[in-house]
Structure formats: structure tokens, C-alpha cells
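Student: Pasting the sequence and the predicted model now:
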Amino acid sequence: MQPPQPPRRSIYGGIPERGPGSFDGQLLAFAEDLREEGVAIGTSEMLDAFGALQEVPWTDREDFKEALAATLAKSPEDRRVFELVFERFFFRAAEAEATRQQISEGQGLQGAEDIDLDTLRRQIAEALRDGQDGSMRDLARLAIAAFGRGEGSGVLGVDVQRIRRQLGLRAEPQPDLPEDDPRREGIPRDQLRRFEAHLRRELERGLIERTSSLPPKRPLNDLDRALPTGPAQDLAQVHRVVAQLKRRLATQGHELRGRKRHAHVDVRRTMRASLQTGGVPVELKFRPKRPRRPEIFVLCDVSTSVTSASTFFLSVLHALHDSFRKLRSFVFIERISEVTDVFERERDFRAASEAIGRDAGVADISGYTDYGRVWTEFLTLIEDELHPRATVIVLGDARTNGRPPRDDVFAAITAKAGRTFWLNPEPRLYWNYGDSVIAAYERHCVAFECWRTDQLEDFVKALTTPADRY
Amino acid sequence: MTAPEPTSVQEVKDGLREAGYLPGASTALVSYLAIKLGKPILVEGPAGVGKTELAKALARYLDRRLVRLQCYEGLDEAKALYEWNYRKQLLRIQTESSDTGWQDVQEDIFGEEFLLERPLMTAIASAEPVVLLIDEIDKTDQEFEAMLLELLSDFQISIPELGRIEARTHPVVLLTSNNTRELTEALKRRCLYLWLDYPDLEHELEIVRLHSPELDETVARKLVEIVQEVRELDLKKPPSIAESIDWARALLLLGSRDIDAATFTETMSVIVKHRTDLDTVASRVGVKLSDAAAPAA
């Protein structure tokens, strides 16, 4: 039905045109919204969604949502975005339609002035404590009617917090309140958050009704989008990826080489031992087995310019040490320092990173990286041990602070080593801007952008592609 | 005989409940959709939230046989699909008199008699509908995933010597993943997605009570509260539902009436499995317990 008069124009630009078609059109528009937020939805997923909705009563909000989620959002990250977009889209769609039809819920409730404010405070707190989700919306409307003070400040977040304060709702216990007050023990935090969401939505609804226009669609920010994780779980994830790296390298046959070579008989010592048995060499003496050369060299930048990434780097290093015995690791800022021992001694990541900070002996005079000096020192230190089967991995941002990059020395290192990889914690966009000289080094090695575990996985994948590419 | 197809979500919910599995809201719905639409379900979530258990419960509820394929690194077609029983083939050729023509032998030895069915093949070729569980799909290589695609979209297997084997019945397929590796888009596209997470307090309490009904209600509630609190901490491996159930059983065996600090320190290792985690939990949760138990004692 067409509204009798065109909707009023206002600051936000009024109500957008209705999408094509009816229900199907709305669903397509919803999928379009999801795509805008980066959820990959193909035609086949849409078909599945329509198929699923035929089996599920779409009048039930939860079932409707779950059916859509099962067919459209296929990872926890996508699911989170889905929840947010679902709320936003259907709230806006319903409001737009209501305004078009000129349906208004009216300003506040009748008789809002007569409510005893203390009773209301207590009622809301009780509902929150007991988790009565159904009455929450009505209570939010009542609270707005009682404390909302007309137009409000114009910023929704400010109004929500003001009303919450006036209701005396806090997550912390409030011991000075009377014994039987439900707020005394503090309101469960997630209940509080839910109530705030209701308040925000009701305020937004009021705003839309007053101005008869939808505010512009807000794109999701990264904070909303991100899934909560803890550093220890991140560390566990890095370990998983590195364990995968190890398995892949092992299946390539790098590890098993030379294992079968027999020990050499030490003729001199055998002869000397034979004197005891009248010159008959009963006991064979072997030459002592030389420890095999380390296969992997890791150089890790721990200077201030990579502070945010160095925890990640150190956890990669830690995980590598867990997996490879033949690994030597170095940290550097202005000069280089070997930390292989630290990691072999300390099994605990936190202790290891503290030990490195304390006694790694990184000559930290200026706190600025000097790549040229690092390469020279590294080369003199281990020149004899580099061989074509060795892999060198550099973790750093290639920011020289204006000092000479000495890529000729770096080239000498890469020429001696079999393969060289560079993991750069900066987004590729920033490479070669400012004092970043990664281009000079990239000529001699393969560089990866790497500051998240999924990028580390990409690196692992690249490692396992046939070696002749590098 | 197998049970008839369900006609509503509620029916699936009740059925799973009867089979000893307490489904969350979306679990029942997605299972219902999978049965109705004939699509595989990709179940993801942290370890020990009942992904595999869901498949078993579905099989019990639908009264179907459960065919399970446990994935691991290096799993290949011969282990998952089918293999020729070459020893038997060899014997067959040897017992054959020498004047038999090659043509006859060939037709003979590539028959169904010499085929070793592996789980996927069993599920496809079964005369009765089954529930197929492909467990920990993230452990396999991408090549194996690609092979699964044909199976999951068309429910058929091509054997060069025999031709195409099509599914006689439509299996309910569940794939589980612990999310250690990102699965390919193509595979995800063919599946319904179900994310199983740790349940909320009431739900978990119900699950624990279902599995160890002898445990005192108040103890069970306290147990679940502690487990939920432990999960809030930043641990390497948070305790799963399976571990809460184990803990409940352990407490039953010990005959504990209450979870005080001493009991907690003794039995903590049931729910926390890393040394560093143990320290964290002891210092954060164990301390609180002794305070709570003191006035009661």
C-alpha cells in the first residue's frame, strides 16, 4: 500500500526505495549486505538458503536466523559478521517499512509519568538478574520513557550510558545498597550488555520515528568483527602451524639425509686397543660422530620498530625450537646475538622471552636496527657452516634507519645458503616506503608478509612447493 | 528398519534427546535441514564439544548404521574408498588353468568379489540408508578434500574397471573439523555449516546430569560453574564438555560431597591438561574455592 503522502525529507535523506520484489528480494538484499562486509556468498549458497527456508517455518525468528546462518556463514568469523549484519539489516528493513506505512509506536508509553522510579529501577534489575529476555524490551522502553528526557543528546551511545547510570545498573557489587536489592551483587555483565543493546535499539527506533528517515548504514568496524582470543591460545596456534611446517619439511626428505651413513673405523685407536689382545683387533674403535650441522638459521629482529610483532616472532621462534633440533637462532637489533641456548633451556615461552630480554646480550646502544652490521657479523660468525642444504629465515621489517643496507653482504649469505626466506611483519602496502629497503633484499630471497597465523600458514605452503621455483 | 523421516525441528530435538544427546538450538535445526535437503553438515568447534557424539546420536535416533571414516594425514583413496584385493586376485589367477584366455580372467578378477570396500564406499553402496561420519577432515590433505567433492555433491563413485557406483540410498553425512586448517571454499560451499561452541551453564549442567545422574545436584552445579570459570581464563586448552563429564564421574568415584580446595587440587588434572595451564588454574580458581569452602566447613 502506498502511503498517502511522500515521506518527509530530513537530514539523513529519508527512507530509501524499497528493494526489488517481496521476500526473495529482501533476502537477496541481505546477501548483498553480507557480501559488502566480506562474507563470500555464491549463488549455490543462496539456493541452499531458499531451500532451507522452505523446510523451516520462517515465522520463528530463531529458526529463520539459524537456517540462514547454516547455509550462508561458513566459518566462526563469518558467523560473527552474519549476526551483526542480520541484526542491522532486519532492524532497518522493519523500520523502513513501518515508516513507509506510517505506523508509529508513539512516543513513550501512556502514564509514564506515574511510574515510581524506584520501583522501575528494581524491576529492571530483577529482570536482568533472572535473565528474563522477553520483558527486557518493554522495560527498556519504560526506562527510556522515564529517564530518556525527550530528544536526548543526539548521540545514542551517550544516551544509553546516561540511562544505565540513572538506573543504577552496574556489573560490580554495590554493598551499600539494601539487603534485598537485586543490584547489590552486581548485574551479570552479558545481561547488562544485552539490556544496553535493547536500549540502543529502542532509542534508534524513536529517532527513526521522529525524523522518519533511516540513519546511514554503518559498516562494521574491526573491533566488532574480531573474535576474542587470548595470547596463550595464539601461541598454541603458532605451534600448530609450525608443527605442520615440520611435518612437511620432513616429508620432503631434508631430515633423513645422511642418517644411514655408517660410522668410520678409527684405525689408530683400533690398533692400539688390539695390543691388549695380542694384536688381534677384537674391539673396533670408531671415530666419534660429529654433530651434524644445523640446518636452519633464524634471524629475528627485536628492535623497537617491530615491538608489536616481536611477540609473534618470538612465539614462532619458540615453536620452531620445539620442532627442530638442528636449529640455531639469533636475535638482533644493532648487533647480533645467539639465543639457541635460551630456547633450549627454557620450555616455557614467557620465561624464554624474559630471558632474552634480560641476558641475550643484544648490544643495544641506540635501539635502532643496523642491518648492514648484522649481516657482516652473521656472515663472519657462521660462514663455514652455511651450506647448500641450510635454510635461512629472517624475521624483520627491513627498516635500516637510514643506514647502509649492505645488500651485497646479504647476497653473499644467500649465495652460500640453500634457501633464504624473509618474513616481514608489515603489510605489503608499506614495503619500500620510508626507510624500508626490503626491495634490495627481496632480489636475493623470497619475502612474505607475515604477522598472523594464517599468513604463517601461507608461508608453510610456499615452503612445500617444489624447490626449483626459488 | 530405519525410522521415518522427521517432519519438524522439534521432532529431531526430541529424538536426539532420547538418544542421549542434548542438542543446542541450532544443532537440531541444522540436523533437520541436513536430513530434509540431503546436504552434508560441516561441524566445527573446539575439541570435545560433542561433534562426533552428534553423529552417533543421529545414527541412534534415525536407527541407521553409523559408518565412520577417521581422517589422518596421508589418508588416500585406497584407505577411504575402495581397494582391489590383489592377493585374492593373484590366487584366482594362479588357480586358473593355463589355457583360459586373458579376457575371461580379466572379467573375472575385476568383479565385486575382489573389491575391498572402505568406509566411503560402504556408505554409498549400502542398501539401507546410513549415517556417514567423516571425522577430523582438517587432518587430511587438500587432494583428499578434492576427491570428496564428487562424492558429496553427486553421491557416486567412479571405478574405472566397474563403472559408476551410485548411491542406492541417501546417507546423512557429517564432517567434523577442529579448525586446525582452513578447509577449501569448494568443500564448504557444499555443506551446511554448524558451529558448536561450549554450552552455557544451564545446558552444560543438563548434559552433566544426563551422563552422571547419581551426582548430587548442588555438586554438579558447582562443578559446571567452576568449569565455566576455568574456560574464561586464557588457557592453552580449555576444558571441554567431555572433560566436565569425566570430572563428574571422577568425583562420583571418589564419593565427594562438595568441591573444596583440596578436592579441586587433587582432581584438577581431569579438566586441565597442560602444566602451565595447571599453574594458572590453581592460582586463579583454586584460591577462590578455599575461601568459599571455609565458612561452610
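Tutor: Now that the structure is in, tell me what you want to look at.
Student: May I ask which helix or strand encompasses residue 194?
Tutor: No chain was given, so I picked chain A. Assigned by DSSP states H and E, residue A:194 belongs to helix A:189-211.
Student: if you could check chain B rather than the one you did, that'd help
Tutor: Residue-wise, residue B:194 maps onto strand B:192-195 under DSSP H and E.
Student: next one: phi and psi at the closest residue to residue B:164 other than its chain neighbours?
Tutor: Nearest residue to residue B:164, sequence neighbours excluded (C-beta to C-beta, 6 or more residues apart in numbering or on different chains): residue B:158, at 5.1 Å. C-beta coordinates here come from the backbone N, C-alpha and C atoms, glycine included. Main-chain dihedrals, residue B:158, degrees, to the nearest 10: phi -100, psi 120.
Student: got a list of what residue B:70 touches?
Tutor: B:135, B:136 (C-beta atoms under 8 Å, 6 or more residues apart in numbering or on different chains).
Student: For it, give its distance to residue B:52.
Tutor: 10 Å (C-beta to C-beta, to the nearest Å).
Student: Identify the contacts common to the two.
Tutor: Taking C-beta under 8 Å, 6+ apart as the contact rule, residue B:70 and residue B:52 both touch residue B:135.
Student: circling back to that earlier point, report the mean per-residue pLDDT for the helix holding residue A:194.
Tutor: For helix A:189-211, the mean per-residue pLDDT is 76.
Student: Then stretch A:342-355?
Tutor: 71.
Student: One more: stretch A:318-326?
Tutor: 72.
Student: Can you give me the neighbour number for the residue of the stretch 101-250 of chain B found nearest chain A?
Tutor: Across the stretch 101-250 of chain B, the shortest distance to chain A (C-beta to the nearest C-beta) belongs to residue B:234, at 3.3 Å. Applying other C-beta atoms under 10 Å in any protein chain shown, we find 15 residues neighbouring residue B:234.
Student: check which helix or strand covers it.
Tutor: Here residue B:234 is assigned to no helix or strand, by DSSP H and E.
Student: Distance-wise, check it relative to residue A:102.
Tutor: Distance from residue B:234 to residue A:102, by C-beta to C-beta: 52 Å.
Student: Ok, residue B:254 next?
Tutor: In terms of C-beta to C-beta, residue B:254 sits 68 Å off from residue A:102.
Student: Point out the residues in the stretch 51-200 of chain B that sit beside chain A.
Tutor: B:73, B:179-182, B:185, B:188-195 (C-beta under 8 Å from any C-beta of the partner chain).
Student: re the thing from before, what helices and strands are in contact with the strand holding residue B:194?
Tutor: Under the contact definition 3 or more C-beta pairs under 8 Å, 6 or more residues apart in numbering or on different chains; DSSP states H and E, strand B:192-195 sits against helix A:61-72, helix A:76-100, helix B:25-37, strand B:41-44.
Student: what does that strand contact?
Tutor: Under C-beta under 8 Å, 6+ apart, the answer for strand B:192-195 is A:48, A:52, A:69-71, A:73-76, A:79, B:26-27, B:30, B:33-34, B:37, B:39-45.
Student: Nearest residue to residue A:426 in space, please, no chain neighbours.
Tutor: The nearest residue in space to residue A:426 (C-beta to C-beta, 6+ apart) is residue A:397, at 5.4 Å.
Student: Confirm for me that residue B:251 is in contact with residue B:216.
Tutor: No - applying C-beta atoms under 8 Å, one finds residue B:251 not in contact with residue B:216, separated by 9.1 Å.
Student: ok, so what distance separates residue A:46 from chain B?
Tutor: Applying C-beta to the nearest C-beta, to the nearest Å, the value for residue A:46 to chain B is 11 Å.
Student: contacting residues for residue A:279?
Tutor: Applying C-beta under 8 Å, 6+ apart, no residues contact residue A:279.
Student: In a helix, it, correct?
Tutor: No - remark: residue A:279 does not belong to a helix; assigned using DSSP: H, G, I helix; E, B strand; the rest coil, it is coil.
Student: Could you measure from it over to residue A:273?
Tutor: Residue A:279 is 11 Å from residue A:273, by C-beta to C-beta.
Student: and what of residue B:60?
Tutor: Taking C-beta to C-beta, one finds residue B:60 at 71 Å from residue A:273.
Student: more crowded one of the two?
Tutor: Neighbours per residue (other C-beta under 10 Å) separate residue B:60 from residue A:273, with residue B:60 holding more: 18 against 15.
Student: Could you pull out the buried residues of stretch A:398-416?
Tutor: Using 16 or more other C-beta atoms under 10 Å in any protein chain shown as the test for burial, stretch A:398-416 gives A:398-400, A:403, A:405-407, A:409-414, A:416.
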